[in-house]
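Enquirer: what shape does this take:
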Amino acid sequence: RQRPIAPVPALFWAAGFSFSFASLLRDVPYDPALKFLFFGEEMSMLARMWTSGFDVFAPSEIVIFHLWARDYRPSFSADVR
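Expert: Here you go, the predicted model:
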């Protein structure tokens, strides 16, 4: 199987790995009714971006790694309690 040489259309959006012009947040700001939303914010923003005409792409190569384990530090939800 041959790897693509250019970014590929993506079904998901990661806030911590998002690169765009600032106009994206002017055109599609975070939902002000969802204060303190952490888990779920990315799906909400992706739906809002897509319905506003934006497309999302992913790199054609692995360029970053995310450690999902949170037991070594407090998470946002633990800090709010």
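
Enquirer: quick one: average pLDDT of the helix ranked longest in the chain?
Expert: Counting by DSSP state H, the longest helix found in the chain is helix 41-51. For helix 41-51, the mean per-residue pLDDT is 92.

Enquirer: other residues contacting that helix?
Expert: By CB atoms under 8 Å, 6 or more residues apart in numbering, the surrounding residues in contact with helix 41-51 are 12-15, 24, 28, 30-31, 34, 37, 56. To be clear about C-beta, it is placed using only N, CA and C from the backbone, and glycine gets the same treatment.

Enquirer: what subset of these is buried?
Expert: Taking 16 or more other CB atoms under 10 Å as the criterion, what is buried in those is 13, 28, 56.

Enquirer: just to revisit the earlier point, mind listing which of the contacts of helix 41-51 are in helices?
Expert: Using DSSP H, the contacts of helix 41-51 in helices are Leu24.

Enquirer: any chance of the contacts of helix 41-51 in CSV, plus pLDDT and distance to Ile64?
Expert: Below are the contacts of helix 41-51 laid out as CSV (pLDDT from 0 to 100; distance: CB to CB, whole Å):
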residue, pLDDT, distance to Ile64
Phe12, 92, 14
Trp13, 91, 14
Ala14, 89, 9
Ala15, 86, 13
Leu24, 93, 20
Val28, 93, 23
Tyr30, 87, 22
Asp31, 86, 26
Leu34, 82, 26
Leu37, 74, 23
Val56, 95, 16
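
Enquirer: got TSV for the contacts of helix 41-51, with distance to Trp68 too?
Expert: What follows is the contacts of helix 41-51, written out as TSV (distance: CB to CB, whole Å):
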residue	distance to Trp68
Phe12	14
Trp13	17
Ala14	12
Ala15	15
Leu24	26
Val28	26
Tyr30	23
Asp31	25
Leu34	22
Leu37	19
Val56	21
